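Participant: here you go, sequence then predicted model.
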Amino acid sequence: MEYVTAVPHPPSEAAEPARASRRSLAAALLCGALGAAVALLATRQRWSEGTATVAGGAFPLTAKGSDVTGVPAALAIVGLAALVAVFAVRRSGRYAVAALLALSGVGTLVTALLGASDSAALDEQAARVSGDTSATVDALSHTAWPYVAAAGGALLLVAGLLALRYGRLWPAMSGRYERSGAPRARRAATAADPDRPEDLWKALDRGEDPTAGADPA
């Protein structure tokens, strides 16, 4: 008598797209939300500092990220909105929103790096406190916060790239209200009660025959 040994089947290949969808979705949400939060937080911190020469001596000056440039914060908000909108659209619309998310990350990254060496904000402050429009800041130095904002932009970029690559596998917001992509059937209208005039008028408004289904007298 021959015995047949059962060979275990490998995991279904159909499960791979589902796992990739879950992992990419989680990674995109984490990168996008964290990137926007980091960029917004960094723009509220001190990016540069220096001094201005006034009659009484050296006057200390500081500039926050929002004083240097408001672009990184604005693009971080756009990126966060695009991350949410990815789940509200389908097909080509999802690719367009994912591209906007990626571009928001690129813009945040680039403008934050450009602001890392900018001195215009402090020069304006120096001119204001000294009363000399040609005055410039002295002893200029920069902090690491612009690079933190750039890192937030990089995370937004990663979220956008993930959305471009795997977004077609992600569910949409309305997916839980549908089955197999088919619209839900309308609930059957109840027959109008001939003893209630309001039911008869409602049936007429719906274009129905209020006498249909009624028992003959």
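Facilitator: Received it, and whenever you're ready, just let me know what you need. Since the structure is predicted, the reported quantities are computational estimates derived from the model, not experimental observations. Numbers count the residues shown, from 1 in each chain.
Participant: the helices in this protein, which residues?
Facilitator: 15-43, 65-68, 71-85, 91-115, 120-130, 145-166, 197-205 (DSSP state H).
Participant: ok, now which ones touch Ala112?
Facilitator: By C-beta atoms under 8 Å, 6 or more residues apart in numbering, the residues touching Ala112 are 39, 42, 65, 72, 146-147, 149-150, 152-153. C-betas here are computed from N, CA, C, even on glycine.
Participant: may I see those arranged in CSV, with pLDDT as well?
Facilitator: What follows is the contacts of Ala112, written out as CSV (pLDDT from 0 to 100):
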residue, pLDDT
Ala39, 97
Ala42, 96
Gly65, 92
Pro72, 96
Pro146, 96
Tyr147, 97
Ala149, 97
Ala150, 97
Gly152, 97
Gly153, 97
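Participant: compare the helices of the chain and give me the one nearest Gly50.
Facilitator: Closest to Gly50 of the helices of the chain, according to C-beta to C-beta: helix 120-130, at 5.1 Å.
Participant: who touches the closest one?
Facilitator: The contact list for helix 120-130 (C-beta under 8 Å, 6+ apart) reads 48-50, 52-54, 59, 61, 63, 67-68, 133-138, 140.
Participant: show me which of these are buried.
Facilitator: 48-50, 52-53, 59, 61, 63, 67-68, 135-137, 140 (16 or more other C-beta atoms under 10 Å).
Participant: now the two most distant members of those residues.
Facilitator: Thr53 and Val68 (21.5 Å).
Participant: one step back: inside strands: which ones of the buried ones among the contacts of helix 120-130?
Facilitator: Mapping the buried ones among the contacts of helix 120-130 onto strands (DSSP state E) picks out 48-50, 52-53, 59, 61, 63, 140.
Participant: okay, now the unreliable bits of the chain?
Facilitator: 1-17, 173-217 (pLDDT under 70).
Participant: tell me the buried residues in stretch 101-118?
Facilitator: In stretch 101-118, counting by 16+ other C-beta under 10 Å, buried: 101-109, 111-112, 115-116, 118.
Participant: export those residues to JSON lines and tack on distance to Val89?
Facilitator: Below are these laid out as JSON lines (distance: C-beta to C-beta, whole Å):
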{"residue": "Leu101", "distance to Val89": "12"}
{"residue": "Ala102", "distance to Val89": "15"}
{"residue": "Leu103", "distance to Val89": "16"}
{"residue": "Ser104", "distance to Val89": "16"}
{"residue": "Gly105", "distance to Val89": "19"}
{"residue": "Val106", "distance to Val89": "21"}
{"residue": "Gly107", "distance to Val89": "21"}
{"residue": "Thr108", "distance to Val89": "22"}
{"residue": "Leu109", "distance to Val89": "25"}
{"residue": "Thr111", "distance to Val89": "27"}
{"residue": "Ala112", "distance to Val89": "28"}
{"residue": "Gly115", "distance to Val89": "32"}
{"residue": "Ala116", "distance to Val89": "35"}
{"residue": "Asp118", "distance to Val89": "36"}
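Participant: now the two most distant members of those residues.
Facilitator: Of all pairs in these, the most separated under C-beta to C-beta is Leu101 and Asp118 at 25.9 Å.
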